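J.: coords please:
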Amino acid sequence: MTDAAMNEDSLDNAKSMSLIVTKGTLDWGYPPFILATTAAAMGLNVSMFFTFYGLNLLQKKLDLGITTLGNPGMKMPMMGMHMGMPNMLGMIPGADGVATGMMKKLISKKGVASIEDLREAAVDSDVTMIACQMTMDLFEYKLDDLIEGPELGGAATYIETALKSDINLFI
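T.: Model (predicted):
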């Protein structure tokens, strides 16, 4: 068997993973890209379907934030302990900006890769990225608004991929 045939055969037999990415905030942007790049590094064929607010993660210029509102599990390391951020804090004007600033500072301090870096790693790892056409139309996005590389597709595109995948994740 030739090297090319062996490579093609191993790709056909490779495990695969698909992710539906529905959230586009700073804190929710990490899980899909970390899982996708890790799976790709482990030899899996990975496909990410970005729909609704997850489509924000494909924007050329990211301006991601977080909110304490509706996020009672948010605990930040402060003053030697993990302090919960009060849910009501999110109702105060500017609180989201403060929470986002705190998270960005923590990410930088701990040397965690940026979403942009993880996204670039996903592209470099040949992760297939699919932008939901319906969401593009709904929110009036143009393909030029997104980074280079994502394909356009709809629910049927995702389902076809999911049917062939060994692992399917909804994030």
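
J.: Only C-alpha atoms from now on, for both contacts and neighbour counts.
T.: Will do.

J.: what about stretch 55-66, distance to the chain center?
T.: Computed by C-alpha atoms, centre = their mean, to the nearest Å, the chain-centroid distance of stretch 55-66 equals 10 Å.

J.: Tell me where this structure has strands.
T.: 16-21, 45-50, 75-78, 81-84, 128-132, 151-153, 167-170 (DSSP state E).

J.: Just say which of these is most tucked in.
T.: strand 45-50 (a mean of 26; mean count of other C-alpha atoms under 10 Å).

J.: Could you name the helices and strands sitting against it?
T.: Applying 3 or more C-alpha pairs under 8 Å, 6 or more residues apart in numbering; DSSP states H and E, one finds that strand 45-50 contacts strand 16-21, helix 26-41, strand 128-132.

J.: Would you mind giving the orientation angle of that strand with respect to strand 128-132?
T.: Relative orientation of strand 45-50 versus strand 128-132 (axes from the mean of the first three to the mean of the last three C-alpha atoms, to 10 degrees): 20 degrees.

J.: Neighbouring strands - and their directions - for strand 45-50?
T.: strand 16-21 (parallel), strand 128-132 (parallel) (DSSP bridges).

J.: Distance from the chain centre to stretch 58-68, please.
T.: On C-alpha atoms, centre = their mean, the centre of stretch 58-68 falls 11 Å from that of its chain.

J.: quick one: buried residues of that stretch?
T.: Across stretch 58-68, burial judged by 16 or more other C-alpha atoms under 10 Å covers 58-59, 64-68.

J.: residues touching Leu146, list them.
T.: By C-alpha atoms under 8 Å, 6 or more residues apart in numbering, Leu146 lies in contact with 58-60.

J.: Need the strands paired with strand 45-50 in CSV (columns: distance to Glu148 and mean pLDDT).
T.: Shown next, in CSV, are the strands paired with strand 45-50 (distance: least, C-alpha to C-alpha, whole Å; pLDDT from 0 to 100):
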stretch, distance to Glu148, mean pLDDT
strand 16-21, 18, 98
strand 128-132, 10, 98
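
J.: could I get the ones you listed as a markdown table with distance to Pro93?
T.: Output for these, formatted as a markdown table (distance: least, C-alpha to C-alpha, whole Å):
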| stretch | distance to Pro93 |
| --- | --- |
| strand 16-21 | 28 |
| strand 128-132 | 32 |
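
J.: returning to what we had before: kindly reformat the helices and strands packed on strand 45-50 as TSV and extend each row with distance to Leu169.
T.: Formatted as TSV, the helices and strands packed on strand 45-50 follow (distance: least, C-alpha to C-alpha, whole Å):
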stretch	distance to Leu169
strand 16-21	5
helix 26-41	9
strand 128-132	14
